[in-house]
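Novice: dropping the sequence and predicted coords here.
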There are 2 protein chains.
Amino acid sequence: MVTMRDVAQRAGVSIATVSFVLNDTKPVTPATRAKIERAMTELGFRRNMVARALASRRTRIIAMAYPALDHRFGFSAAEFFTSAADAARKQDYHLVLWPVGNDGAELTELVGQSLVDGVVLMEVQLDDARVGILQSIGTPFALIGRTTTPDGLPHVDIDFETTVENAVEELYGLGHRQIVLVAGDLSHPSFRNYGPYVRTEAAYRRVAAEYGVQIVILESSDTTRSGQEVAARVMAEHPGTTAVLVVNEYAALGVVSGLKKLGHDVPREISVLALLMSPETARLADPELTIMRTPGPELGQLGTEALIRQLEGAEPLPPQLVPASYQPGGTTARPRSG
Amino acid sequence: MVTMRDVAQRAGVSIATVSFVLNDTKPVTPATRAKIERAMTELGFRRNMVARALASRRTRIIAMAYPALDHRFGFSAAEFFTSAADAARKQDYHLVLWPVGNDGAELTELVGQSLVDGVVLMEVQLDDARVGILQSIGTPFALIGRTTTPDGLPHVDIDFETTVENAVEELYGLGHRQIVLVAGDLSHPSFRNYGPYVRTEAAYRRVAAEYGVQIVILESSDTTRSGQEVAARVMAEHPGTTAVLVVNEYAALGVVSGLKKLGHDVPREISVLALLMSPETARLADPELTIMRTPGPELGQLGTEALIRQLEGAEPLPPQLVPASYQPGGTTARPRSG
């Protein structure tokens, strides 16, 4: 059994200094810390963080709960995750991604064990079961997303209202008057109460009415194939359409390739604007998609900040709504008749 | 403070039964377990897993260490991760994704704390620092990937030799004699010792020599833009080329779109075969890419199995090498001259 004394001798420091490092009780210079860390590694010393955690109730691990098995984990999700992990690291926390279902069953099992200090919830449903569970267990959490009534819950989210407003304004300004929304698959049980789908559709209805644009909504799941199928439906069922807004990112790629396969010129004949997309995914389309850029990097960082402030007992972060920002690409233009 | 007695009363069972569930000491029917779980949730009972872990040294959490900030986390990575998470869940373990660097510094800090039972290492380097660190700490681990000398290390990996052999054989059989390899960016410091890049390049050199195919290797990073640039170089510098093998998946998308942008017909004028790709990514190309399908689902499951067998003291899983499997698409055909 390796002891703190062994580590101290190997590192050439006092036992007290080793203890400061182990228990975070006093600042130690990076060089000394490195010497001690190295000695611990070489000797196979286990800090026994579990005992420390038992005493302090802190592990400095935070979990991002992501229902990865239901949702697609594409570039946008990766942006949220890596920016959150970066933000955590900068404050000396460790963030792990945790693929648990939306029903909260696994959350109960794991969070109740005090192995993580707190949880960032992703892919929030309007009536998210996980919120009540975390509240009843008493685990600090923050939402990237919003329930129907998020007041009092620490949350950050996309400003869907402003995003859709700016998107419609952009297309309207180019001269488009027939703007179809390709929404998420709200008829699918997993997504019926999925905030981003519900909120973008509601915003489109409101904004389209304001602009006097006919409301046409088709649903698509988040695959290129589904996007291609819906592109065919748009042209067959709504032949006057000059522009399409698409919520899901892989569906948007499919809408572009589907329109081209059918012989339609994008953007000269029809424009496509992706509502929530990462620049990485936009580049996979040909021409590169015009997008409202998902604020993944910003929200990953803010969501982590909202949680860490609670853990540190700091001033709470007020709720933040960040719109997706317009990023020009090659799939939007004036309509031919305009 | 909620006690086991409170839980037992609420659930209508004996305290002993609650204890069996908490300590996993005796099997309990799913229905009874559910009743107890519900009572614990409703009462806000914390199982105090930390104390349990301290006693048993087990948390039933395993971490997949993925250097997500260096590598792209695309569909292939997601396949490894979700299949590993599924495999863990089936055996009553929880798998978390852990974005730590390849140098192992964070591993020391976290794994030394006994908060995870073991680690699955992804994106393995030929001289991976993390292996020595985990060995010195004494934490069970398994590799999805291989170091230069993996003998004695629990590992599963892609069979790059067979994959490249089958790919070249496929193209050669169609009549191709000038087959360029678009390799990973081995000149980049992060990837110089990255197993998949080194092994595919070595296999191509060997197999090309066997078939009497001239060896031409260009490097590309894993972005569509880099793939487009390399497509231009292939046609400018090696105009006789009739087929291209591409290691990286987003580079492969770029090679196809880059060739098309330059006015080349894929596959009539030039074939493209992606060496390690997920079907999801293949569908993003137009035409859909012909691929050697990365065995992500198989390896995620096997890597987790290799780790869990160690944790359970079961018969070790022998090292497994799984080739990528040919999946036809629209980007390969006989060469025009053939």
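Specialist: Looks like it came in fine.

Novice: near chain B at all, the helix or strand harbouring A:V7?
Specialist: Element membership for A:V7 (DSSP states H and E) is helix A:4-11. No. Residues of helix A:4-11 are not located near chain B by Cβ under 8 Å from any Cβ of the partner chain, the shortest gap being 11.7 Å. Where you see a C-beta, it was placed from the backbone N, CA and C, and this is true even at glycine.

Novice: and that helix, what does it pack onto?
Specialist: helix A:15-23, helix A:30-43 (3 or more Cβ pairs under 8 Å, 6 or more residues apart in numbering or on different chains; DSSP states H and E).

Novice: ranking these by mean pLDDT, which is last?
Specialist: For these, mean pLDDT drops lowest on helix A:15-23, to a mean of 77.

Novice: and that one, how far out from the chain middle?
Specialist: Between the centre of helix A:15-23 and the centre of its host chain there is 38 Å, according to Cα atoms, centre = their mean, to the nearest Å.

Novice: quick one: pLDDT of the nearest residue to A:V246 once chain neighbours are set aside?
Specialist: The spatial neighbour of A:V246 that comes closest, neighbours along the chain excluded (Cβ to Cβ, 6 or more residues apart in numbering or on different chains), is A:A252 at 3.9 Å. At A:A252, the model reports a pLDDT of 97.

Novice: hang on, the earlier thing: pull out the buried positions in the helix holding A:V7.
Specialist: Residues of helix A:4-11 classed as buried by neighbour count (16 or more other Cβ atoms under 10 Å in any protein chain shown): A:4, A:6-8, A:10-11.

Novice: export those to JSON lines and tack on pLDDT?
Specialist: Putting these into JSON lines (pLDDT from 0 to 100) gives the following:
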{"residue": "A:M4", "pLDDT": "74"}
{"residue": "A:D6", "pLDDT": "85"}
{"residue": "A:V7", "pLDDT": "87"}
{"residue": "A:A8", "pLDDT": "88"}
{"residue": "A:R10", "pLDDT": "92"}
{"residue": "A:A11", "pLDDT": "93"}
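
Novice: and stretch A:98-109, average pLDDT?
Specialist: Averaged across stretch A:98-109, the pLDDT comes to 76.

Novice: list the contacts of that stretch.
Specialist: A:63-70, A:110, A:119, A:123, A:125, A:128-130, A:132-134, A:137, A:190, B:37, B:40-41, B:81-82, B:85, B:94-97 (Cβ atoms under 8 Å, 6 or more residues apart in numbering or on different chains).

Novice: in strands, which of those fall?
Specialist: By the criterion of DSSP state E, membership of the contacts of stretch A:98-109 in strands covers A:63-65, A:119, B:94-97.

Novice: would you list the buried residues of helix A:4-11 in a markdown table and tack on distance to A:E280?
Specialist: What follows is these, written out as a markdown table (distance: Cβ to Cβ, whole Å):
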| residue | distance to A:E280 |
| --- | --- |
| A:M4 | 47 |
| A:D6 | 48 |
| A:V7 | 44 |
| A:A8 | 48 |
| A:R10 | 46 |
| A:A11 | 44 |
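
Novice: point to the residue nearest the middle of chain A.
Specialist: Using Cα atoms, centre = their mean, the residue of chain A that lies closest to the mean C-alpha position is A:F80, 4.2 Å off.

Novice: any idea how far that one is from A:G296?
Specialist: 5 Å (Cβ to Cβ, to the nearest Å).

Novice: and the lengthiest strand in chain A, what does it pack onto?
Specialist: Selection of the longest strand in chain A by residue count, based on DSSP E, yields strand A:271-277. Packed against strand A:271-277 by the contact rule (3+ Cβ pairs under 8 Å, 6+ apart) you find helix A:160-174, helix A:195-211, strand A:243-246, helix A:249-261, strand A:290-293.

Novice: what about 7 Å?
Specialist: Where contact means 3 or more Cβ pairs under 7 Å, 6 or more residues apart in numbering or on different chains; DSSP states H and E, strand A:271-277 is packed against helix A:160-174, strand A:243-246, helix A:249-261, strand A:290-293.

Novice: check which residues of the first one are buried.
Specialist: Of the residues in helix A:160-174, those buried by neighbour count under the rule 16+ other Cβ under 10 Å are A:160-168, A:170-172, A:174.

Novice: where in the stretch 51-200 of chain A is pLDDT low?
Specialist: By pLDDT under 70, the low-scoring segments of the stretch 51-200 of chain A are A:51-57, A:68-72, A:109-110, A:112-114.

Novice: and the helices in it?
Specialist: For the stretch 51-200 of chain A, the helices defined by DSSP state H, counting those that start in this stretch cover A:75-90, A:105-111, A:129-137, A:160-174, A:195-211.

Novice: what's near enough to touch the nearest residue to A:P335 once chain neighbours are set aside?
Specialist: What sits nearest to A:P335 in space, not counting adjacent residues and going by Cβ to Cβ, 6+ apart, is A:T242, at 3.9 Å. By Cβ atoms under 7 Å, 6 or more residues apart in numbering or on different chains, the contact list for A:T242 reads A:176, A:178, A:270-271, A:335.

Novice: which stretch among the helices and strands packed on helix A:4-11 comes nearest chain B?
Specialist: helix A:30-43 (5.5 Å; Cβ to the nearest Cβ).

Novice: who are the packing partners of that closest one?
Specialist: helix A:4-11, helix A:15-23.

Novice: please repeat the previous calculation with a cut-off of 8 Å.
Specialist: Counting by 3+ Cβ pairs under 8 Å, 6+ apart, helix A:30-43 packs on helix A:4-11, helix A:15-23, helix B:105-111, helix B:129-137.

Novice: returning to what we had before: just the CA atoms of the helix or strand that the longest strand of chain A is followed by, as CSV, please.
Specialist: Next helix or strand after strand A:271-277 toward the C-terminus (DSSP H and E): helix A:279-282. Taking Å, rounded to 0.1, in the frame of the first residue of the first chain, the C-alpha atoms of helix A:279-282 are listed here in CSV:
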residue,chain,number,x,y,z
PRO,A,279,-21.3,25.0,-40.6
GLU,A,280,-19.7,21.5,-40.9
THR,A,281,-22.9,20.0,-42.0
ALA,A,282,-23.7,22.9,-44.3
